[in-house]
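Engineer: what's the 3D shape of this:
(one chain, ligands or ions: 1)
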Amino acid sequence: MVDHLPSPIEWRRGCVRLLDQRALPHSVRFVDCRTVEELCDAITTLAVRGAPALGAAGAYGVALAAHGSSSSSSVHAAAARLASARPTAVNLAWGVARSLAAYEQSGAAGALGAADEIAADDVAANEAIGRNGLSVIPDVDGGAQVLTHCNAGHLATAGYGTAIGVIRAGHDAGRVAHVWVDETRPVLQGARLTAWELHALSIPSTLVVDSAAGSLMAAGEVDLVVVGADRIAANGDVANKIGTYGLAVLAKHHDIPFVVAAPWSTVDLATPDGRSIAVETRDPDEVTEVAGQRIAPVGFRAHNPAFDVTPAALISAIVTERGVARRPLVRSLPALRPR
Ligand code: MRU
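Structural biologist: Numbers count the residues shown, from 1 in each chain. Sure, this is the predicted structure:
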């Protein structure tokens, strides 16, 4: 374990144990998924979320199916259900496919071994992202002010975090002084999760409404924007939490570096550009309600795309464990691929 934060996902006596992110920040509780159906429900209701954590969840889900059944066809059917539980984060289908391939080779123990490896590799990748990310943090007297969106931290990964990994490494090195945390409507991953993590890590930070970003930038209060990713296309276009694209446009206007931090497992070289990324549309109630309380007139329609796509042209750099890709991303990103 890399720190004192509870593990977001682990295998515990035949169950997939998740730190239940639906309950944070009010309570730290765990949910033990004993069946693939329970795990799919946990994925769709955001008990576990964030691209790298979904990769590990998918892989452990195949192990769960393999331990509960001796029939290869039912393990394959469970794998298909897991892989399609959420469409945007490429890590989910990737983790499922890797664990399924290990199951084909070595049965249930193989699937579990692959899932454990995915989780361990993810933590190591995130720590490397943190180290590599030091090179993108602007040199500012007293440390940089960094703005982040959604939660790309410990909770969204198998541990340590991607965007928050860069912030953590930067803070440890005295290069990051303070973090602006976007609340991240509609389901408030910033207010509920990133704020909880940064508070636990004692990193100075302040919560703002999403629409505060422009005026903070105009006032010179933001030196760097760093976010995670759900899928990165071959040309460097990035799908991430809804609102990311707007932040990138604002950062460009104010000449502020806009950086994406993600493990290589989030890079999808088979997807040529952002137009081919499927963006999940979620329940309109997430928009018309806050914490179960209706905030819009009954019957009023809402549209709830969970992600948007930021064009590569607006991204200053993509930090991975394999190195930092800089503009033009269409050339520098594929150059980092494992040989
Ligand atoms: O809907 P969510 O909470 O799964 O969305 C998560 C994000 O958009 C994260 O920024 C992304 O998955 C990167 S997590 C390291």
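
Engineer: what about the helices in the stretch 101-250 of the chain?
Structural biologist: 163-172, 189, 195-200, 213-218, 244-253 (DSSP state H, counting those that start in this stretch).

Engineer: Mind giving me the packing neighbours of the first one?
Structural biologist: Counting contacts by 3 or more C-beta pairs under 8 Å, 6 or more residues apart in numbering; DSSP states H and E, helix 163-172 packs against helix 90-133, strand 144-148, strand 176-182, helix 195-200, strand 224-227, strand 258-261. Glycine gets a C-beta too; all of them are placed from N, C-alpha and C.

Engineer: How about the contacts made by the one residue in the chain that gets nearest to the ligand?
Structural biologist: Nearest residue of the chain to the ligand, counting by C-beta to the nearest ligand atom: residue 228, 2.8 Å away. Shown in contact with residue 228 (C-beta atoms under 8 Å, 6 or more residues apart in numbering): 50-51, 150, 152, 156, 162-163, 240-241, 260-262, 266.

Engineer: Out of those residues, which end up buried?
Structural biologist: Buried members of the contacts of residue 228, counted by 16 or more other C-beta atoms under 10 Å: 50-51, 150, 152, 156, 162-163, 240-241, 260-262, 266.

Engineer: was I right about residue 69 contacting residue 75?
Structural biologist: Yes - with contacts counted by C-beta atoms under 8 Å, residue 69 reaches residue 75, the gap being 5.9 Å.

Engineer: how many other residues sit next to the residue nearest to residue 123 when sequence neighbours are not counted?
Structural biologist: Leaving aside its chain neighbours, residue 123 sits nearest to residue 159 (4.2 Å; criterion: C-beta to C-beta, 6 or more residues apart in numbering). Other residues near residue 159 come to 26 when the count uses other C-beta atoms under 10 Å.

Engineer: Span of stretch 191-201 from start to end?
Structural biologist: By C-alpha to C-alpha, to the nearest Å, the extent of stretch 191-201 from end to end equals 15 Å.

Engineer: Check which residues of that stretch are buried.
Structural biologist: 191, 192, 193, 194, 195, 196, 197, 198, 201.

Engineer: pLDDT value on the first one, please?
Structural biologist: To tie it back to what came earlier, the one meant is residue 191. Per-residue confidence (pLDDT) for residue 191: 98.

Engineer: Tell me how far the closest residue to it other than its chain neighbours lies from residue 64.
Structural biologist: In space, and not counting its chain neighbours, residue 191 is closest to residue 183: 4.2 Å by C-beta to C-beta, 6+ apart. To residue 64, residue 183 is 34 Å away according to C-beta to C-beta, to the nearest Å.

Engineer: Please say which of those two ends up with more neighbours.
Structural biologist: residue 64 (29 against 21).

Engineer: Quick check: residues of this structure near the ligand?
Structural biologist: 49-52, 89, 150, 152, 156-157, 162, 189, 228-230, 240-241, 306 (C-beta under 6 Å from any ligand atom).

Engineer: Report the contact partners of residue 325.
Structural biologist: Taking C-beta under 8 Å, 6+ apart as the test, what residue 325 contacts is 236, 317, 318, 332, 333, 335, 336.

Engineer: Out of these, which comes closest to residue 291?
Structural biologist: Set against residue 291, the nearest of those by C-beta to C-beta is residue 318 (34.3 Å).

Engineer: Point out where the protein drops to low pLDDT.
Structural biologist: 1-3 (pLDDT under 70).

Engineer: got the domain boundaries for it?
Structural biologist: Domain segmentation of the chain under automatic domain parsing yields 9-129, 138-336.

Engineer: So for the shortest one, first residue to last residue, what's the gap.
Structural biologist: In domain 9-129, first residue to last residue: 20 Å (C-alpha to C-alpha).

Engineer: chain center to it, what's the gap?
Structural biologist: 15 Å (C-alpha atoms, centre = their mean, to the nearest Å).

Engineer: related to what we said a few turns ago, make CSV out of the contacts of residue 325 and add neighbour count.
Structural biologist: Below are the contacts of residue 325 laid out as CSV (neighbours: other C-beta atoms under 10 Å):
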residue, neighbour count
236, 28
317, 22
318, 26
332, 16
333, 23
335, 9
336, 15
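
Engineer: Most widely separated two among the residues you listed?
Structural biologist: Of all the pairs that these form, the one spanning the most space (C-beta to C-beta) is 317 and 335, at 13.5 Å.

Engineer: Name all residues that make contact with residue 288.
Structural biologist: Contact analysis of residue 288 by C-beta under 8 Å, 6+ apart lists 294, 295, 296, 300, 302.

Engineer: and the last one, backbone torsions?
Structural biologist: When quoted as degrees, to the nearest 10, the phi and psi of residue 302 stand at phi -140, psi 150.

Engineer: so it sits right up against residue 296, yeah?
Structural biologist: Yes - Residue 302 lies in contact with residue 296 (C-beta under 8 Å); the separation is 6.7 Å.

Engineer: shared neighbours, those two?
Structural biologist: Joint contacts of residue 302 and residue 296 (C-beta under 8 Å, 6+ apart) are 287, 288.

Engineer: Which residue, other than its chain neighbours, is closest to residue 171?
Structural biologist: Here the residue nearest residue 171, using C-beta to C-beta, 6+ apart, is residue 203, at 5.0 Å.
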